[in-house]
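Visitor: Structure for this input, please:
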Amino acid sequence: MGCCVLQITGLILGGVGMVGALAATAMPQWRVSAYVDGNIVVFETIWEGLWMDCISQLGIRLQCKFYDSVLALPPPLEAFRALMCAAVALSVLSFLAAIVGVKYSQRGEQEPQAISIFILVAGVAFLLTGTLVLIPVSWTGAAVVRDFYDPAVPVPLKRELGAALYVGWGSSALLLAAGAMYCHCWCGAAPAAGPTYPWLARAALPRAGRPAPGVHAYV
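Guide: Numbering: from 1, shown residues only. Next up is the predicted model:
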């Protein structure tokens, strides 16, 4: 009963984390223009994301433009794109595996091996998804903080942490928590699942009345 509650809780956390990972990937607010020293331009706000950069004027008019060339992008940005896309795809697979695991769990002990397999797949996939989201988000955040306090970087080029980074950190925490819950459930369900090949266990048991190989019984 307790493991079933953990599975449902992990399913909810994983679903919210999946939506958050998709939102963080699409949001352009990864890097936001900073208002420091004499760079107090309250009329415009610059957003820089994985796919586009935007200029917001007084919060009323928003102009966005996709990056013209993929080959002209910095290598870290290309890597972040790949990691976030892989994380979104893996989060969907993790969520589907978690749904199947909860479905089998509702049947009781009829399918113990299926329960164990799907719980393990969901747990490992959620953990991997959370790690994939955490890498580009934390890397970008560290670069923003480093450039902000670097005196060699011109003031107009300084940026602050955008909302997409906070969404990514929250989504990563939810996905990691969901993965930990499913792995915990798998550790509890694995001993109850029994041997993977029960016919091997039966074959190893001695059978009464059968002579050992190579021994002939005479009456």
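Visitor: and P28, how far is that from Y149?
Guide: 24 Å (C-beta to C-beta, to the nearest Å). C-beta: built from backbone N, CA, C; applies to glycine.
Visitor: out of these two, which sits in the busier spot?
Guide: P28 (21 against 8; other C-beta atoms under 10 Å).
Visitor: next one: the helix or strand M84 falls within to chain centre, how far?
Guide: Under the criterion of DSSP states H and E, M84 resides in helix 75-105. Taking C-alpha atoms, centre = their mean, to the nearest Å, one finds helix 75-105 lying 6 Å from the centre of the chain it belongs to.
Visitor: I'd like to know which elements it is packed against.
Guide: Applying 3 or more C-beta pairs under 8 Å, 6 or more residues apart in numbering; DSSP states H and E, one finds that helix 75-105 contacts helix 2-26, helix 112-148, helix 163-189.
Visitor: and M1, what pLDDT?
Guide: Looking at M1, its pLDDT is 52.
Visitor: One more: I119?
Guide: On the pLDDT scale, I119 gets 87.
Visitor: where does it sit relative to A79, distance-wise?
Guide: Taking C-beta to C-beta, one finds I119 at 31 Å from A79.
Visitor: Tell me which of the two has more neighbours.
Guide: Using other C-beta under 10 Å, the more surrounded residue of I119 and A79 is I119, with 32 against 14.
Visitor: Contacts only, for that one.
Guide: I119 sits next to 7, 101, 105, 182, 185-186, 189 when contact means C-beta atoms under 8 Å, 6 or more residues apart in numbering.
Visitor: In these, which residue is surrounded by the most others?
Guide: Y182 (32 neighbours).
Visitor: which residue packs closest to that residue, ignoring adjacent ones?
Guide: G123 (3.2 Å; C-beta to C-beta, 6 or more residues apart in numbering).
Visitor: Now do the same contact list for the one you found.
Guide: G123 touches 10, 179-186, counting by C-beta under 8 Å, 6+ apart.
Visitor: Same list (the residues you listed) but as TSV, adding distance to P75.
Guide: Below are the contacts of G123 laid out as TSV (distance: C-beta to C-beta, whole Å):
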residue	distance to P75
G10	35
G179	29
A180	32
M181	36
Y182	34
C183	34
H184	38
C185	39
W186	37
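Visitor: pLDDT and distance to S138 added to those residues, as TSV?
Guide: What follows is the contacts of G123, written out as TSV (pLDDT from 0 to 100; distance: C-beta to C-beta, whole Å):
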residue	pLDDT	distance to S138
G10	90	23
G179	93	17
A180	92	19
M181	90	23
Y182	90	23
C183	88	22
H184	86	25
C185	82	28
W186	80	27
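Visitor: now, which of those residues sits nearest G49?
Guide: Comparing those against G49 with C-beta to C-beta places G179 closest, at 26.5 Å.
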